[in-house]
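J.: Turn this into a structure:
(one chain, ligands or ions: 2)
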Amino acid sequence: MDRGAQVSERLRSEERLALLDSPKLSRLDGAIGIRVITLEGVSQSFTSKRTSIDALTNVDLTITDGECVAVIGRSGCGKSTLLRLVAGLLTPSRGTVRIDGTPVTAPRPDVAMMFQRPALLPWRTVLQNVLLPTEIGGRRPGDPRDLAHELLALAGLRGFEKRLPHELSGGMQQRVALCRALVVRPAVLLMDEPFSALDALTRTELGEELQRVHMERGTTIVLVTHSIEEAVLLADRVVVLSPRPGRVREIVDVKIPRPRELGPNGHLVEVAETGAVLHELLADR
Ligand SMILES: Nc1ncnc2c1ncn2[C@@H]1O[C@H](COP(=O)(O)OP(=O)(O)OP(=O)(O)O)[C@@H](O)[C@H]1O
Ligand SMILES: [Mg+2]
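T.: Numbers count the residues shown, from 1 in each chain. Ligands and ions are numbered 1, 2, ... in the order given. Predicted coordinates:
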C-alpha cells in the first residue's frame, strides 16, 4: 500500500471510530433489556434415517445482561449449534434454553444472529440487505435508514450502499451482515465467527469497535470464534467446549481492564497469559 493509500485508510478508520462517539448512535439505545439467558442440561442430537450425531451434551450455562461471552472449541464441537439453540432456530433434544425465564421456541425480535457465512440476499443492494430485518420485525421509533447508513459508514462501507453482494469482497459482505445484525438494536447479539473472512488489521479494528458497542450500549454478546486472541480481547468470560459432543470443559474469566487493545499500547502480557491458559484447555483431549 502506498503512503497516500495508508493515510486515507487511517483516516477512514478514524472516521469510523469518531462515528461511534457520535451522539447519533444513541439510536442503538432503546433496545429492550434482557436480563439472563440460561441453558439447562441442553443436549442436541441430529438424527437421520441412517445416523445419529450427538453435537452437544448436557450444557449448563448462564449469560447475564450486558456480558460478552466467547465460545471456543474444536471444529465440529457444537459451537454453531449452541448459538442456533439460543437464537431459537433449533429446539434442544434435551434440556431447556430460556431467556428471562421464558423457554426459547422461535427466533425473537430482540435477539440478532450473525451467521458463519454472511447469507446476504443476492438480488438486494447492500442497503436493502441491511434494512431487511427492520421490514420483518415490528416498527421501532425513528427511520431505520438513518441508522443503516451510520452503521455502513462505521463499517467502512460508505459509497457501497447501492452495490449488490456479488460486487463485494468476502470481508465486506461480512461487514454488511454485521450492520444487518445491529440495525434492529438487538439486546442480544449472537455472532458465529463474524470476522473469520477479514484481514488481520480490519479484524482487530472491527473487534475494537464491537467492544465499544458492547461497552457503550450494554449489548449482550455471545461470540463464537476460532481465535483465542479475539476471545481474550472481547470476552468477559470464555466458554471452552470439549471436542464433539460438546460440553462445557471450563469457563475462564478474563479480568483484563477495558478498553482492551492489541498493538504497542495493548495489554500484551495479560492477553498472552490468558491466551496460553485457553490454548492448554483446547489442546487437552
Ligand atoms: N443440521 C444438521 N444436521 C445434521 N448434523 C448436524 C447439523 N448441524 C450440525 N450437525 C453436526 O453437529 C456437529 C456440530 O456442528 P456445529 O456446526 O455446531 O459445529 P461447530 O463447532 O460450529 O464447528 P465449526 O467450528 O467447524 O464451525 C457436527 O458434527 C455437525 O456435523
Ligand atoms: Mg460453526
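J.: Spatially nearest residue to Cys179, not counting backbone neighbours?
T.: Spatial nearest neighbour of Cys179, excluding adjacent residues (CB to CB, 6 or more residues apart in numbering): Leu151 at 4.1 Å. Just so you know, the C-beta spots here come from the backbone N, C-alpha and C atoms, and that holds for glycine as well.
J.: just checking, what packs against the strand or helix carrying that neighbour?
T.: Assessed by DSSP states H and E, Leu151 sits inside helix 144-154. Helix 144-154 is packed against helix 3-21, helix 126-136, helix 170-182, with contacts defined by 3 or more CB pairs under 8 Å, 6 or more residues apart in numbering; DSSP states H and E.
J.: So, low pLDDT: which residues of the stretch 101-250 of the chain?
T.: Along the stretch 101-250 of the chain, segments meeting pLDDT under 70 span 137-141.
J.: what about the residue in it that ligand 1 sits nearest to, which SS state?
T.: Residue of the stretch 101-250 of the chain nearest ligand 1, by CB to the nearest ligand atom: Arg244 (5.5 Å). Under DSSP: H, G, I helix; E, B strand; the rest coil, the three-state class of Arg244 is coil.
J.: Surely it is in contact with Gln44?
T.: No. The pair Arg244 and Gln44 does not pass the contact test of CB atoms under 8 Å, sitting 10.8 Å apart.
J.: So these two - more neighbours on which side?
T.: Neighbour count, other CB atoms under 10 Å: between Arg244 and Gln44, Gln44 has more, with 23 against 18.
J.: Would you verify that that one is located in a helix?
T.: No. Judged by three-state DSSP, Gln44 forms no part of a helix; its state is strand.
J.: what's it in contact with, if anything?
T.: Contacts for Gln44 (CB atoms under 8 Å, 6 or more residues apart in numbering) come out as 54-56, 78, 81, 85, 90, 92-93.
J.: one more time with 7 Å, if that's ok
T.: 55-56, 78, 81, 85, 90, 92-93 (CB atoms under 7 Å, 6 or more residues apart in numbering).
J.: What about the residues you listed, which one has the most neighbours?
T.: Counting neighbours by other CB under 10 Å, Gly78 leads those with 28 neighbours.
J.: ok, Lys79 touching Ala70?
T.: No. Lys79 lies out of contact with Ala70 (CB atoms under 7 Å); the separation is 10.0 Å.
J.: Now do the same for the residue sitting nearest the centre point of the chain: helix, strand or coil?
T.: In the chain, the centroid-proximal residue (CA atoms, centre = their mean) is Met191; its distance is 2.7 Å. Recorded secondary structure, Met191: strand (three-state DSSP).
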